[in-house]
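Visitor: Any chance you can model this:
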Amino acid sequence: MIFASRWLLPIDRPPLERGWIETDGGTIVRLGSGPPPGPATDLGNAALLPGLVNAHTHLELSWLRGRVPPAGSFIEWLRTLLAVRGRGALPALPEQLQAMRAGIEEARATGTVLVGDISNTLVTPALLASAGMSAVVFHELLGFNVVDATTVVAEARSRLRRVLADARAHAADGVGLRGRVVAHAPYSVAPDLFRRIARLSDDDAPLSVHVGESVEELELLRVGTGPMRALLEDLGVWTDRWQPPGTGPVAWLDTLGYLQPGTLAVHAVHLDESDIDRLVERDAVVVICARSNVWVGTGLPRVSHLYAAGARIAIGTDSLASVGSLNMFDELTELRRVAPDVTAASLLESATRTGAEALGAGDRYGTLAPGKAAALVAVDVPAGVRDVEEYLVGGVPPEAIRPVPT
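Guide: Below is the predicted model:
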């Protein structure tokens with residue numbers, strides 16, 4: 001099959017005007033500009049680009065859409081979330097499963113082809129498989145007062161492998177499902193649990209962690225007081241065995257061995273210069289979820305500074321408990337608003353190539369190149385647009401987005 005469009009965006013090189021791409025059996029064969037090499041499906045005045053990569057979301061929370069309002073502080077939002085969701089394992093009620101399926105479909109319909117899905121319950125792998133959505137499933141552990149971290153990690157790893165094997169058995173050809181046991185955040189995971197997870201060496205996915213999301217997290221780590229400690233005490237999980245490390249969260253993760261090459265450092269809102277330098281030095285990947293940060297009242301990360309510092313940056317939507325959509329183009333629009341000096345090409349690369357590489361899938365997704373998956377999305381572009389990259393990050397209407405079946 002050959003597709004032609006006004007614009008073709010390989011991502012790893014400038015856009016091609018009057019571009020075309022040839023696919024065979026779901027794989028890209030060749031691409032170029034000018035007259036197509038054979039009969040082609042003309043996509044019209046559209047931009048054709050690789051499908052987007054949502055590097056951080058929580059699909060199992062999709063049933064919370066509209067139930068957790070925007071908050072003035074992270075603790076306020078978190079307390080509301082816990083009250084609505086409950087602290088135990090999520091029951092797979094029919095309406096909750098349907099909301100998860102709808103969330104996956106919303107992501108697919110708005111151009112996403114690969115997700116980094118945080119899962120506490122492991123409900124979503126089967127749903128991802130049946131929907132044909134490739135994913136890295138991060139089986140996330142919490143445990144502030146865990147005593148036997150070795151057993152907790154071993155059981156979680158066994159559970160994840162069993163669930164993924166079953167999901168893969170029912171997945172369509174070309175759907176990739178991989179996973180890893182990961183830790184939630186410095187304020188919710190015991191030091192030994194972090195260490196045990198970090199030592200897992202044969203998992204086929206990167207580590208992930210929420211880090212530097214709130215000022216309450218920083219206070220807890222530095223002096224052991226504040227609203228985060230009060231929440232932990234109210235939840236009955238505080239233990240005097242835990243002592244504040246007296247550092248920021250990035251340095252703490254590094255001390256624990258968790259800050260490894262490729263570790264996904266999600267949110268990274270409250271970082272100082274030494275934190276950013278350390279993330280760059282360790283070759284970690286910062287995953288920005290700007291709309292979610294605004295929703296939960298934490299403030300915004302230093303987006304422009306992170307790009308200027310040379311950080312590897314991917315993009316995520318976070319969950320429908322803290323954003324209004326799972327549309328990655330909405331995320332790009334927010335980043336353009338908060339970082340007008342970052343080039344549109346850089347933002348698009350974060351939403352495609354860097355995200356795919358961060359999830360260990362750069363060989364299949366993220367750019368248009370021969371041999372890669374023909375996971376394509378077309379976006380209708382007004383006739384007068386000359387800077388197509390800027391248009392794509394400036395507010396694309398959902399109805400203009402078309403996944404391209406190949």
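
Visitor: The helix or strand hosting A4 pairs with which strands?
Guide: Assigning secondary structure by DSSP states H and E places A4 in strand 2-8. Strand pairing for strand 2-8, using DSSP bridges, gives strand 16-24 (antiparallel), strand 41-42 (parallel), strand 46-50 (parallel).

Visitor: Need the residues that contact the longest one.
Guide: Under the criterion Cβ atoms under 8 Å, 6 or more residues apart in numbering, residues 1-10, 28-38, 40, 48, 368, 374, 376, 406 lie in contact with strand 16-24. Where C-beta positions appear, they are placed from N, C-alpha and C, glycine not excepted.

Visitor: what do you get for stretch 247-255?
Guide: 186, 194, 209, 211-212, 217-218, 221-222, 245, 259, 263, 265, 271-272, 274-275, 278-279, 282.

Visitor: Repeat the analysis, applying 6 Å as the threshold.
Guide: 186, 211-212, 221, 245, 259, 275, 278 (Cβ atoms under 6 Å, 6 or more residues apart in numbering).

Visitor: Tell me how many other residues surround the residue nearest to R336 when sequence neighbours are not counted.
Guide: Nearest residue to R336, sequence neighbours excluded (Cβ to Cβ, 6 or more residues apart in numbering): V393, at 4.5 Å. V393 has 24 neighbours, counted by other Cβ atoms under 10 Å.

Visitor: so what's V393 up against?
Guide: 332, 336, 344, 347.

Visitor: repeat for A400
Guide: 379-380.

Visitor: in stretch 103-110, what counts as buried?
Guide: 103-104, 106-108, 110 (16 or more other Cβ atoms under 10 Å).

Visitor: for stretch 71-87, same thing?
Guide: Result for stretch 71-87 [16+ other Cβ under 10 Å]: buried residues 71, 74-75, 77-81, 85.

Visitor: Could you report the neighbour count for the residue lying closest to H56 once chain neighbours are set aside?
Guide: What sits nearest to H56 in space, not counting adjacent residues and going by Cβ to Cβ, 6+ apart, is G316, at 2.9 Å. Applying other Cβ under 10 Å, we find 31 residues neighbouring G316.

Visitor: Quick check, G316 in contact with V53.
Guide: No: the criterion here is Cβ atoms under 6 Å, and G316 misses it with V53 at 9.0 Å.

Visitor: Could you single out the most deeply buried of the strands paired with strand 2-8?
Guide: For the strands paired with strand 2-8, the largest average neighbour count (mean count of other Cβ atoms under 10 Å) is found in strand 46-50, namely a mean of 26.

Visitor: Can you check which helix is longest in this structure?
Guide: Assignment by DSSP state H gives helix 149-169 as the longest helix of the chain.

Visitor: List the buried residues for that helix?
Guide: 149, 152-153, 156-157, 160, 163-164, 167.

Visitor: got TSV for those residues, with distance to A135 and pLDDT too?
Guide: Below are those laid out as TSV (distance: Cβ to Cβ, whole Å; pLDDT from 0 to 100):
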residue	distance to A135	pLDDT
A149	26	98
V152	23	98
V153	21	98
A156	18	97
R157	18	96
L160	13	97
V163	12	97
L164	10	97
A167	9	98
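
Visitor: Closest to M133 out of the residues you listed?
Guide: The closest of the buried residues of helix 149-169 to M133 turns out to be A167 (Cβ to Cβ; 11.0 Å).

Visitor: surely the closest one meets L127?
Guide: No: the criterion here is Cβ under 6 Å, and A167 misses it with L127 at 8.6 Å.

Visitor: Identify whichever of the strands paired with strand 2-8 lies nearest to H305.
Guide: Closest among those, using Cβ to Cβ: strand 46-50, at 26.9 Å.

Visitor: tell me the mean pLDDT for the closest one?
Guide: Averaging pLDDT along strand 46-50 gives 99.

Visitor: With just CA atoms, put that strand into CSV.
Guide: Only the C-alpha atoms of strand 46-50 are listed here, as CSV (Å, rounded to 0.1, in the frame of the first residue of the first chain):
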residue,chain,number,x,y,z
ALA,A,46,-3.0,16.2,5.7
ALA,A,47,0.2,15.6,7.7
LEU,A,48,1.2,12.0,7.9
LEU,A,49,3.4,11.1,10.9
PRO,A,50,4.3,8.2,13.2
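
Visitor: wouldn't W77 be in contact with P69 here?
Guide: No: counting by Cβ under 6 Å, P69 is not a contact partner of W77; they are 8.4 Å apart.

Visitor: Next, count neighbours for R241.
Guide: When neighbours are counted by other Cβ under 10 Å, R241 comes out with 11.

Visitor: mind checking how far it is from L231?
Guide: 18 Å (Cβ to Cβ, to the nearest Å).

Visitor: Same question for A126.
Guide: Distance from A126 to L231, by Cβ to Cβ: 32 Å.

Visitor: Show me the strands in the stretch 101-250 of the chain, by range?
Guide: 112-119, 134-141, 177-183, 208-211 (DSSP state E, counting those that start in this stretch).

Visitor: Determine which of the ones you listed approaches L306 most closely.
Guide: strand 208-211 (13.1 Å).

Visitor: Can you tell me the strand partners of the closest one and which way each runs?
Guide: Strand 208-211 is paired, per DSSP bridges, with strand 264-267 (parallel).

Visitor: export the strand it pairs with as PDB, just CAs?
Guide: Below are the C-alpha coordinates for strand 264-267, written out as PDB (Å, rounded to 0.1, in the frame of the first residue of the first chain):
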ATOM      1  CA  LEU A 264      11.600   7.300  33.500                       C
ATOM      2  CA  ALA A 265      11.500  10.200  35.900                       C
ATOM      3  CA  VAL A 266       7.800  11.200  35.700                       C
ATOM      4  CA  HIS A 267       6.600  14.700  36.400                       C
END
